[in-house]
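A.B. asks: Sequence first, then the predicted structure, then my questions.
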Amino acid sequence: MVELGDDAFKWAFHQAPVGMMLLDSNCVIHSWNHWLEEKTGKQAEEVIGHALSDLYPESANPRFVWALEQVIQNNAQQVLSHALNRYLIPIKLTYDHGGELDNMPQQIYLAPIMGHKLALVSILDITENVVRAAALMEIAQKLEQESIRDPLTNAYNRRFMWEWLSQRKKVIVPRQRPVGCLLLDIDFFKKLNDNYGHVMGDNVLKRFAEVIDRSLRADDILVRYGGEEFVVLLSDVTFEMAVSAAERIRAAIENEAFSPLKAGGVTCSIGVSYWDPVVPREAEEFINEADEKLYMSKENGRNQVTPKGSEI
Amino acid sequence: MMTLSEARDDALREIFNVGISQGAKQLSLLLHDEVEIVIPRVEILDADNIENSMGKKDDVLAVVSQSLQGSISGSALLVFQSDNSKRLASALIGSVSTIDSVNLGEFEHEAMTEIGNIIISSCVCAISKMLSNNIQFSVPNYTEQTPDSLGKYMDDIGPEKRDVACVSVQTEITAHKRGIQGQLMIILSLKSVDTLISELDKLLGR
C-alpha cells in the first residue's frame, strides 16, 4: 500500500472532475482547483485571497450565504439544487447542445472541513441531465399531441372522435351506414369528488368507462368527451337499437357498485341522437342534438334516457 | 413512549421552533414566497411506535435523509406522505411538468432534496449548538419508501430494537395558503437520546 502524503491529496483536489474551492466564513477563496481554472479562465493565483462575491456578485445570494454559515458554524452539509438555484457562478457553455442553455446548469454541495473554519464548495456540471430532461419533455409533449386516447380511462379522446366522424360522414348517406350517438353524463359527479376525493372520482370514471365498454360491439366507439361526459358512437344501428342500448347502459350503471358506494350510488343521464342514412348533416350538429337530449334528461330528474323526437 | 416533563417538552419545542423559523425564512427567500413552519408537537418514540406512527403498510412516503455522527449518532429523516410531498413540491415550486401522465419527477426530487436539507439542517443544528456543534452530517438523500422499510434506519444503529428511540417533530408547513404536514424524525441510539436530554437539562439549569 502506498502511504498517501499531502502531495497526493493536493493532486486529487486539483485533478477532480468537479469544481472544488475552499471558502472561509467571509466567502474568501483559500483554494481553487484546476477544473475551476479551466472553466472560468481564472487562475488560482488571481483569485486566492479574494471573496467569491467580489468576482461573481450573483453568488452572494441569501441561500448560498446561509448555507456557508451553516456549514462553517455548525458543520452541516448543504446542497443547492439546480432546480431552485440554477448555478452558483456563471460559466458559459462552450459547446452547442442544440438547446437554449447559456450558462452551465450546476448542482452545488457544501461540506465542512473539520478542524478548520472552512467549507468545501463543490460544483457539478449537470448540463447533460438538463438537456436530456428537456428532450424527454419535448418528446412527451409531441406524443401527447398525437395521442388518440384519454390516459385515465383509455377511452378515445375528442380529437379521435371528430376524426372518426369526419371519415364516417363520407359513407353514412352514400352507403346507408347510420350512426347512433349516446351522450352520457355522470350525475352529481362534482359532489362525488367533493365528498370522496379525486382519487375516488378517478376510479369512478375508470369503472364507468369499463361498464359501458362491456356492452359495446367491436365497431362501436367509446369517447371521453369531457370531465364526466362520454360519447358512444354505435355503428350501423337502427334508431330503436340505439335507444335500447342507451337504456341497457343506464341500467347497468345503476346496478353497478362503485366502491365505497353500493349499487344505485352512481347514475347517469343520457341523450340519444341518430344520424339517419337518408339525411345528410354535419357532425357538430349531430353531437349537439344528443347534448340537447342529455340536457332534457338532467332537467327531468336524471338517471334516464332521452331520445331524439319521433323518427322515420 | 418516553414522556417528556413539561419543562423539557417546552424547552425542546422552543429550540426546534427557533431552528425551524430560520429554515422557513430561508425557504421563503429561496422560493420567493411566504413560507411558515410551526411545530405543534415534539415526542420521543420508542422503536415500536416509530413504525406505527408512519402510516399504513402500502402508503408511499417521500423521505429526505441525512445520517448523523458525533455527539449523537443516527439518522435525521424528513418524511411526507407522497401526496403531501407532491402538493408541497407544487405549492413551493409551481407546476413544472405540464403533462400529468408523464412522471418527470427529477425536478421535484432535486427540489425536495434541497428543501428537506434546509429543514433538517436548521432543526438539527439548533440542537447541535447544545452539543458543542459536534455533529457531522452526510449528504442529503431523497427516496420514496413504504413505512416498513424505515426499519433500516433503526437497524443501522444497532441490532437491538430497544436501543433505538426517535425524537419525532411534527411540522406544519404553510405555503400559498396551503398547509402540509411533514414529520421530522431523528432516529437515535438511546445513548444519544440520553446525551440530548442531559444537555437539555443543563440548559434548564437542573
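C.D. replies: Structure received. Residues are numbered from 1 along each chain as shown, chains lettered A, B, ... in the order given.
A.B. asks: Just to check, residue A:104 is in contact with residue A:88?
C.D. replies: No - here residue A:104 lies out of contact with residue A:88, judged by C-beta atoms under 8 Å, at a distance of 10.0 Å. From N, CA and C alone the C-beta is placed, and that goes for glycine too.
A.B. asks: Go ahead and confirm residue B:203 touches residue B:130.
C.D. replies: Yes - if you go by C-beta under 8 Å, residue B:203 and residue B:130 touch, sitting 6.3 Å apart.
A.B. asks: Looking at those two, which is more packed in?
C.D. replies: Neighbour count, other C-beta atoms under 10 Å in any protein chain shown: between residue B:203 and residue B:130, residue B:130 has more, with 17 against 14.
A.B. asks: isn't residue A:181 right up against residue A:284?
C.D. replies: No - contact criterion C-beta under 8 Å: residue A:181 and residue A:284 do not qualify, at 11.6 Å.
A.B. asks: between those two, who's got more neighbours?
C.D. replies: Between residue A:181 and residue A:284, counting by other C-beta under 10 Å, residue A:181 is the more crowded of the two (27 against 10).
A.B. asks: What about residue B:19, how many residues nearby?
C.D. replies: Number of residues near residue B:19 (other C-beta under 10 Å) recorded here: 23.
A.B. asks: list the contacts for it?
C.D. replies: B:122-127 (C-beta atoms under 8 Å, 6 or more residues apart in numbering or on different chains).
A.B. asks: What is the most widely separated pair among those residues?
C.D. replies: Across the contacts of residue B:19, the longest distance by C-beta to C-beta is 10.7 Å; it joins B:122 and B:127.
A.B. asks: of those two, who's got more company?
C.D. replies: Between residue B:122 and residue B:127, counted using other C-beta under 10 Å, residue B:122 has the larger neighbour count: 25 against 20.
A.B. asks: Just the element for the more buried one, please.
C.D. replies: For residue B:122, the host element (DSSP states H and E) is helix B:106-128.
A.B. asks: Which stretches in the chain count as strands?
C.D. replies: Looking at chain A here, since you left the chain open. A:19-24, A:29-32, A:78-80, A:106-113, A:118-125, A:179-186, A:221-224, A:229-235, A:268-275, A:305-307 (DSSP state E).
A.B. asks: let's do chain B instead
C.D. replies: Counting by DSSP E, chain B has these strands, from start to end: B:35-46, B:61-70, B:74-81, B:135-137, B:141-145, B:164-175, B:178-189.
A.B. asks: what's the offset of the shortest one from the middle of its chain?
C.D. replies: For strand B:135-137, the separation from the chain centroid amounts to 15 Å (computed by C-alpha atoms, centre = their mean, to the nearest Å).
A.B. asks: For that strand, give the mean pLDDT please.
C.D. replies: For strand B:135-137, the mean pLDDT works out to 90.
A.B. asks: in it, what's buried?
C.D. replies: Within strand B:135-137, the residues scored as buried using 16 or more other C-beta atoms under 10 Å in any protein chain shown are B:135-137.
A.B. asks: From the chain's centroid, how far away is stretch B:10-27?
C.D. replies: For stretch B:10-27, the distance to the chain centre is 12 Å (C-alpha atoms, centre = their mean).
A.B. asks: Could you list the buried residues of it?
C.D. replies: Residues B:11-13, B:15-17, B:19-27 are the ones in stretch B:10-27 that count as buried (16+ other C-beta under 10 Å).
A.B. asks: Same question for stretch B:194-206.
C.D. replies: Buried residues in stretch B:194-206 (16+ other C-beta under 10 Å): B:195-197, B:199-200.
A.B. asks: which residues of chain B score low on pLDDT?
C.D. replies: Applying pLDDT under 70 to chain B flags the ranges B:1, B:55-57, B:84-85, B:91-106, B:176-177, B:206.
A.B. asks: If we use 80, what do you get?
C.D. replies: Across chain B, the ranges flagged by pLDDT under 80 are B:1-4, B:31-33, B:48, B:50-59, B:81-108, B:130-131, B:133, B:158-162, B:175-180, B:206.
A.B. asks: How about the helix holding residue B:122 and chain A, any contact?
C.D. replies: Yes - Helix B:106-128 is in contact with chain A by C-beta under 8 Å from any C-beta of the partner chain, via B:106-108, B:110-111, B:113-114, B:117, B:121-122, B:124-125, B:128.
A.B. asks: Now find how far off-centre the lengthiest helix in chain B is within its chain.
C.D. replies: Looking across chain B with DSSP state H, the single longest helix is helix B:6-31. Chain-centre distance of helix B:6-31: 12 Å, with C-alpha atoms, centre = their mean.
A.B. asks: So what angle separates the directions of that helix and strand B:178-189?
C.D. replies: If you take axes from the mean of the first three to the mean of the last three C-alpha atoms, to 10 degrees, helix B:6-31 sits at 120 degrees to strand B:178-189.
A.B. asks: sorry, back to before: which of the strands of chain A sits closest to residue A:243?
C.D. replies: Of all these, strand A:305-307 sits nearest to residue A:243, with 4.7 Å by C-beta to C-beta.
A.B. asks: okay, now residue 120: neighbour count?
C.D. replies: Looking at chain A here, since you left the chain open. There are 16 residues near residue A:120, going by other C-beta under 10 Å.
A.B. asks: actually it's chain B I care about, not the one you picked
C.D. replies: By other C-beta under 10 Å, the residues close to residue B:120 number 25.
A.B. asks: Spit out the contact partners of it.
C.D. replies: Residue B:120 makes contact with B:64, B:66, B:76-78, B:140, B:184 under the criterion C-beta under 8 Å, 6+ apart.
A.B. asks: hmm, which two among these are most spread apart?
C.D. replies: With C-beta to C-beta as the measure, no two of those lie farther apart than B:140 and B:184, at 12.9 Å.
A.B. asks: pLDDT weak spots in chain A?
C.D. replies: Looking at chain A by pLDDT under 80, you get A:1-4, A:94-101, A:144-145, A:279, A:309-312.
A.B. asks: Setting aside sequence neighbours, what's the nearest residue to the residue sitting nearest the centre point of chain B?
C.D. replies: Here the mean C-alpha position of chain B is nearest to the C-alpha of residue B:184 (C-alpha atoms, centre = their mean), at a distance of 2.0 Å. Setting aside the residues directly before and after it, residue B:184 is nearest to residue B:169 in space (C-beta to C-beta, 6 or more residues apart in numbering or on different chains), at 4.1 Å.
A.B. asks: try residue B:19
C.D. replies: residue B:126 (2.7 Å).
A.B. asks: Can you report how many residues lie near the residue lying closest to residue A:19 once chain neighbours are set aside?
C.D. replies: Closest residue in space to residue A:19, ignoring its immediate chain neighbours: residue A:123 at 3.3 Å, by C-beta to C-beta, 6+ apart. Neighbours of residue A:123 under the rule other C-beta under 10 Å: 24.
A.B. asks: Run through the bridge partners of residue A:123.
C.D. replies: Counting by DSSP bridges, residue A:123 is bridged to residue A:19, residue A:108.
A.B. asks: Can you tell me which of the strands of chain B is most buried?
C.D. replies: Each of the strands of chain B was scored by mean neighbour count; the highest is strand B:74-81, a mean of 25, by mean count of other C-beta atoms under 10 Å in any protein chain shown.
A.B. asks: could you say what helices and strands that one packs with?
C.D. replies: Using 3 or more C-beta pairs under 8 Å, 6 or more residues apart in numbering or on different chains; DSSP states H and E, the elements in contact with strand B:74-81 are strand B:61-70, helix B:106-128, helix B:151-155, strand B:178-189.
A.B. asks: Of these, give the one that comes closest to residue A:272.
C.D. replies: It's strand B:178-189; of the helices and strands packed on strand B:74-81, that one is closest to residue A:272 (C-beta to C-beta) at 43.4 Å.
A.B. asks: Not counting the closest one itself, show me its contacts.
C.D. replies: Outside strand B:178-189, the residues that touch it by C-beta under 8 Å, 6+ apart are B:50, B:53-54, B:68, B:72-81, B:84, B:87-88, B:91, B:119-120, B:123-124, B:153-154, B:157-158, B:163-174, B:196.
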